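In: A predicted structure for the sequence below; I have some questions about it.
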Amino acid sequence: MPLQNRLGTAHHARHQMNRVKKNVIANYLSSICTSVVGLVFVPVYIKFIGIEAYGLVGFFVTLQAITGLFDMGLSTTLNREMAYGSANSATAPQIRDFLRTFEIIYWLIGLVMGVTIFAFVPYLATQWLKAEVLDASTLQQALYIITLVLVLQWPFSFYAGGLMGMQQHVLIGILNCGQSIIRSAGAVFVLWLVSPTIEAFFAWQALISIGTTIFIALLLWSRIPKHSKTPAFRLSALQSCWRFASGMSIISILGVLLGQADKIVLSKLLSLKDFGYYSLAGVVAISLYRLVNPVYTAVLPRFTQLIAHQKDGELANSYHASSQFLAVVVGSASVVLTFFAREVIWVWTGDSAIVTSTHVVIPLLVIGTCIHALAHIPWAMQLAYGWVNLGVYISLGSVAVIFPIIFLLTRHYGAVGGAASLVILHLVGLLVTTAVMHRRILRGEFWRWYTCDLLPPILAASGVGISARAMFCGPYSRLLTFVLLSVISIFSLGAAVFASSSAKAWVRGWLANRRSARE
């Protein structure tokens, strides 16, 4: 290869990696913003509406996740096709027709979803949820508003998937952060100045949902290539990706069932008050996904483009680097949340009743979430290759066993049993799925991924967590506890970075650039 071509190729590779880093940073800033906003305002919601009504908020989040059953992989398919379109310089009419076709299908599915949930509202209000303070009419009215919110908010992920595929991560980050602030702060003002009721809370969510959905739809259409031809619905647009889309449809359905299995069962078996406590504990665990999604959404289109250009060496390096990065950030955060669950809840809410009701469940939920988070990079690799059969088979087997396990453990051990079942599910899934994947994709890389990418940073962070727990005396004031937790978090993260070859290399490079800039 001529020197000029090699230099051009190297420059292109560096440009693409810089773009991935920029996207990851943008995603993280957005994620930090939405996480902080959510964590700050949840205790305020509880002060206004009570823990039982917050249980209804937790049930809304569960319903929102269950609506992913109706997504049928369309948003992920759009993400992948947009990424391929940019890599292969697809024509403008094809891209516009593809988007219009999927858009119409998505909106029709949303309407069907809304009608279906609407029909079940009386049953949910009177037979499923077990409220002690809220009466059936209040529950029913709130559930009708919840249905409206779900329908109006439903297409947001579809349009976001398209923008992510086009690597418009900064725009998505700004929009997510903005809508999170408006949703949360506005809800507090509504509860404070208008009506401190759960109905008013969800009415505000419905208003914001329609505004953000319209805005992101216009944003996506403004970013795709312009053409004089009007975009049209074409079934032929589905032919090129129907295998991937159908596989993703099954994966999405099974993934929602697995992800919400504990909440579906517990919302039936527990009182709405106890389910509110479980939902609050879930907020802490789910916050780990704020560390995962920025990386996942950035590497998926990157993996897809590398595969399209057959750059296997660069693909493997990106895979291991992103896996180590997740192990560092998620592993170190999980250690602090696991060993210091009681202190974290105390700093967050200042409510001893909440601390007592959640501090045992949180470590189990955090461990299960951490294990599931580490599987996201291998899963992104499978999606980039278009290989969804493995996920289908593993998910089918998991769904067959997880509901009985959750039911039995919850019956005997309550919320703790439900949380423990998730640890079992995700641990088996991580080990089995990735072992099988590496026999076909990135062959020979499994033990490197397991022993070099995951274990060193997690074990190093765990050593810090165990030592800090042994030395932590307490109880302290909320402010001092926050300061101590911050110091422990920094040491945990530092230990994980030191144990990760990729993270250390990145830090050295960053420090070298800083020194060069000063000189």
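Out: That came through fine. This is a predicted model, so every value here is computed, not measured.
In: contacting residues for Ser31?
Out: By CB atoms under 8 Å, 6 or more residues apart in numbering, the contact set of Ser31 is 290-291, 293-294. Using the backbone N, CA and C atoms, a C-beta is placed for each residue, glycine as well.
In: save these as CSV, and put in neighbour count and secondary structure too.
Out: Compiled in CSV, these are given as follows (neighbours: other CB atoms under 10 Å; DSSP: H, G, I helix; E, B strand; the rest coil):
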residue, neighbour count, secondary structure
Arg290, 22, helix
Leu291, 24, helix
Asn293, 16, helix
Pro294, 23, helix
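In: closest to Val355 out of those?
Out: Minimum distance to Val355 across those is 22.4 Å, recorded for Arg290 (CB to CB).
In: so who does the closest one touch?
Out: Arg290 neighbours (CB under 8 Å, 6+ apart): 31-32, 34-35.
In: try 10 Å this time
Out: Residues near Arg290 by CB atoms under 10 Å, 6 or more residues apart in numbering: 27-28, 30-36, 38-39, 329-330, 333.
In: give me the buried entries from the residues you listed.
Out: The neighbour-count criterion (16 or more other CB atoms under 10 Å) marks 27-28, 30-31, 33-36, 38-39, 329-330, 333 among the contacts of Arg290 as buried.
In: list just the nearest of those to Ile354.
Out: Using CB to CB, the buried ones among the contacts of Arg290 come closest to Ile354 at Leu39, 13.3 Å.
In: shouldn't that closest one be in contact with Val283?
Out: Yes: counting by CB atoms under 10 Å, Val283 is a contact partner of Leu39 at 7.5 Å.
In: ranges for the helices of the stretch 151-300 of the chain?
Out: For the stretch 151-300 of the chain, the helices defined by DSSP state H, counting those that start in this stretch cover 156-165, 169-189, 198-223, 236-239, 242-269, 272-286, 289-308.
In: need the ones you listed in CSV with distance to Thr433, can you?
Out: Shown next, in CSV, are the helices of the stretch 151-300 of the chain (distance: least, CB to CB, whole Å):
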stretch, distance to Thr433
helix 156-165, 23
helix 169-189, 27
helix 198-223, 32
helix 236-239, 28
helix 242-269, 12
helix 272-286, 21
helix 289-308, 15
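In: save those as a markdown table, and put in mean pLDDT and distance to Ile466 too.
Out: Putting the helices of the stretch 151-300 of the chain into a markdown table (pLDDT from 0 to 100; distance: least, CB to CB, whole Å) gives the following:
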| stretch | mean pLDDT | distance to Ile466 |
| --- | --- | --- |
| helix 156-165 | 82 | 38 |
| helix 169-189 | 86 | 35 |
| helix 198-223 | 91 | 41 |
| helix 236-239 | 62 | 53 |
| helix 242-269 | 74 | 27 |
| helix 272-286 | 88 | 20 |
| helix 289-308 | 81 | 21 |
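In: for the record, mean pLDDT for the helix or strand in which Leu39 is found?
Out: Element membership of Leu39 [criterion: DSSP states H and E] is helix 3-66. In this model, helix 3-66 has a mean pLDDT of 72.
In: ok, so what distance separates Val399 from Val40?
Out: For Val399, the distance to Val40 equals 36 Å [CB to CB, to the nearest Å].
In: more neighbours: which of those two?
Out: Using other CB atoms under 10 Å, the more surrounded residue of Val399 and Val40 is Val399, with 16 against 13.
In: quick one, what contacts Ile182?
Out: Contacts of Ile182 by CB under 10 Å, 6+ apart are 37, 204, 207-208, 211-212.
In: ok, of those, which one's closest to Gly386?
Out: Thr212 (30.7 Å).
In: can you tell me the SS state at Glu132?
Out: The three-state assignment at Glu132 reads coil, by DSSP: H, G, I helix; E, B strand; the rest coil.
In: list phi and psi for it.
Out: Dihedral pair for Glu132: phi -110, psi -30, per degrees, to the nearest 10.
In: what is the burial count for it?
Out: By other CB under 10 Å, the residues close to Glu132 number 8.
In: ok, back up a step: now distance to Lys47 too, for the contacts of Ser31, in CSV please.
Out: Shown next, in CSV, are these (distance: CB to CB, whole Å):
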residue, distance to Lys47
Arg290, 24
Leu291, 28
Asn293, 29
Pro294, 31
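In: just those residues now: which is nearest Pro456?
Out: Leu291 (18.0 Å).
In: from Gly255, how far out is Ala420?
Out: Going from Ala420 to Gly255 by CB to CB gives 20 Å.
In: pull the distance from whichever strand or helix holds Ile394 to the chain's centre.
Out: Per DSSP H and E, Ile394 falls inside helix 389-413. Averaging C-alpha positions (CA atoms, centre = their mean, to the nearest Å) puts helix 389-413 20 Å from its chain's average.
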